[in-house]
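Visitor: this one's sequence-less:
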C-alpha cells in the first residue's frame, strides 16, 4: 500500500482501490459542526472554551436584540421631532463605533487565544447592557421633564 502524504490518499495496489482520508476528515468535521452549542441555561455549567465562547456570544446576541428594540421604540417616539431623531441616530452610530473599538482594545491581549471570543463578547455584552439601561431611562421621562429628549408615550 502506498501513501501520498501531500494528498492523504492511500492506494491499495492489490485491490486497485483508492481510499481517501479526506472523506474521514470531512465526516469528522461535519459531525463536529452538527453538535449544537451550549444553551443559555447551561452556561453556568460550561466546561469547554468552545461552550464558553458560545454562551458569551448568545448573551451578547440577546442584549443586542434588546438594544435594537429599545432604540426602535425611541425612534418611534421621536417621529414628530426629526432633529432629535437625527441626533439619536448620530449618537447611536458613534456609540457603536466606541463600543466596538473599546472591546477590541480590551480583548486585544487574548487576540491569538481561544478565549478571545469570550472576552470580546463579554465586553460587548456589558457595554451594550449599559447602553440599554441608558436608553430605557429616556423612555421613562415624566411629562414636562425639559432634560429629556424623548417625549412620554
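Guide: Arrived safely, thanks for sending. Because the structure is a prediction, the values reported are computed rather than measured.
Visitor: Could you measure from residue 73 over to residue 88?
Guide: Applying C-beta to C-beta, to the nearest Å, the value for residue 73 to residue 88 is 11 Å. (Glycine included, C-beta is placed from N, CA and C.)
Visitor: Just want to know which of these two has more residues nearby.
Guide: residue 88 (20 against 16; other C-beta atoms under 10 Å).
Visitor: Surely that one touches residue 75?
Guide: Yes - contact between residue 88 and residue 75 holds when scored by C-beta atoms under 8 Å: they sit 6.9 Å apart.
Visitor: Might one say that residue 136 is in contact with residue 67?
Guide: No - look at residue 136 against residue 67 with C-beta under 8 Å: they stay out of range, at 10.0 Å.
Visitor: worst-scoring helix or strand of this structure, pLDDT-wise?
Guide: helix 21-34 (a mean of 34; mean pLDDT, DSSP states H and E).
Visitor: just checking, next helix/strand downstream of that helix?
Guide: Note on helix 21-34: by DSSP states H and E, the next helix or strand toward the C-terminus is helix 49-77.
Visitor: What is the distance between stretch 121-139 and the centre of its chain?
Guide: 14 Å (C-alpha atoms, centre = their mean, to the nearest Å).
Visitor: ok, residues contacting it?
Guide: With contacts defined as C-beta atoms under 8 Å, 6 or more residues apart in numbering, stretch 121-139 is touched by 53, 56-57, 59-60, 63-64, 66-67, 70-71, 73-74, 77, 95, 99-100, 102-103, 106-107, 148-150.
Visitor: No further questions, thank you.
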